[in-house]
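Colleague: what would the 3D arrangement of this be:
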Amino acid sequence: MKVKEIKVRSVLGKSSIGDYCINPYVGCMHACIYCYADYYTRKFSRHQEEWGKFVDVKINAPEVLLKEIGKKKKGIVYISSLTDAYQPLEAKYKITREILEILTRYDWPVIIQTKSSLVLRDLDVLKKFSNIEVGFTIISLDENETRRLEKFVSPPKERVKALKILKENGIKTFVFVGPIMPFTRIEEIEKIIKETKDFSDEFYFDKLNLKPDLIEKIRKVEGFEEIEEEKMNEYYKKIKKEILKLIEKEKIKAKILF
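Modeller: Coordinates of the predicted model:
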């Protein structure tokens, strides 16, 4: 793992989810095979290393945020658009925690999306916000399946447990079921919903975002060698209809993003 400490000029970026986004790191140790952030990171940085083999730590991010926040209009901050803010290096650097402490001081609304139970470390800070949502990405409850695609994330059981703890502590929560991998059975999606619906305020569903070269990368994973884009399109049309029925059946608040 190549870790580099860098300094940045700006921290608050534009976001299609909130008003702003913050990525405390460049790159991600989680090394998820399906991650579209690989494409954008290569496009906007000089990194050519294998995804998951490098991370740049924005060591001055809290300092820069403190300067920016006084000049910007208050808005929703989405944390983790191109990197997981709670990837393993966060345990050492605590950049995300420092950022949250600043945001809570100004009481800016925050959305955090992660695959790591490390977020529970900052429960004391999260509880100070008047408007915050924390959600977990879960593609499957089968640990063997997730390990093939998400090498270094918290196991699904840990994420479900963390979701429950957040909910019990008054934090608004969500589950992001995505990307739904090609040919995932509706029964697997139903399992995720049933396991988490008591602890989740909302569900989001999304398909695989096929950026250049990504399909070839996925074809190297056992079980996905024969993926064809045309068949994927038909699959997603079918699974969308099945998810809509499932949403109605389980009576959950949900959005399908495809």
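Colleague: which phi and psi does Ser140 have?
Modeller: Backbone torsions of Ser140, given as degrees, to the nearest 10, read phi -170, psi 160.
Colleague: contacting residues for it?
Modeller: The contact partners of Ser140, by Cβ atoms under 8 Å, 6 or more residues apart in numbering, come to 146, 156, 184, 188, 192. The C-beta positions use only the backbone N, C-alpha and C, and glycine is treated the same way.
Colleague: what do you get for Glu150?
Modeller: Contacts of Glu150 (Cβ under 8 Å, 6+ apart): 30-33, 115, 139.
Colleague: of these, closest to Leu244?
Modeller: Nearest to Leu244 out of the contacts of Glu150 is Ile139 (Cβ to Cβ; 19.3 Å).
Colleague: is that closest one in contact with Gly178, as I believe?
Modeller: Yes - the pair formed by Ile139 and Gly178 meets the contact definition of Cβ atoms under 8 Å, at 6.9 Å.
Colleague: higher neighbour count, these two?
Modeller: The neighbour count for Ile139 versus Gly178, taken as other Cβ atoms under 10 Å, is higher for Ile139 (25 against 19).
Colleague: the more buried one: which element?
Modeller: Under the criterion of DSSP states H and E, Ile139 resides outside all helices and strands.
Colleague: let me see the contact set for it.
Modeller: Ile139 sits next to 145-146, 149-150, 177-181, 184 when contact means Cβ under 8 Å, 6+ apart.
Colleague: how about 7 Å then?
Modeller: 146, 149, 178-179, 181 (Cβ atoms under 7 Å, 6 or more residues apart in numbering).
Colleague: roughly how far apart are it and Ile239?
Modeller: Between Ile139 and Ile239 the computed distance is 13 Å (Cβ to Cβ, to the nearest Å).
Colleague: go on, Arg219?
Modeller: Taking Cβ to Cβ, one finds Arg219 at 20 Å from Ile239.
Colleague: which one's more surrounded, the two?
Modeller: The residue with more neighbours, out of Arg219 and Ile239, is Ile239; 22 against 12, by other Cβ under 10 Å.
Colleague: which strands or helices does the helix or strand harbouring the more buried one pack on?
Modeller: Take DSSP H and E as the rule and Ile239 turns out to sit in helix 229-250. Judged by 3 or more Cβ pairs under 7 Å, 6 or more residues apart in numbering; DSSP states H and E, helix 229-250 is in contact with helix 186-196, strand 254-256.
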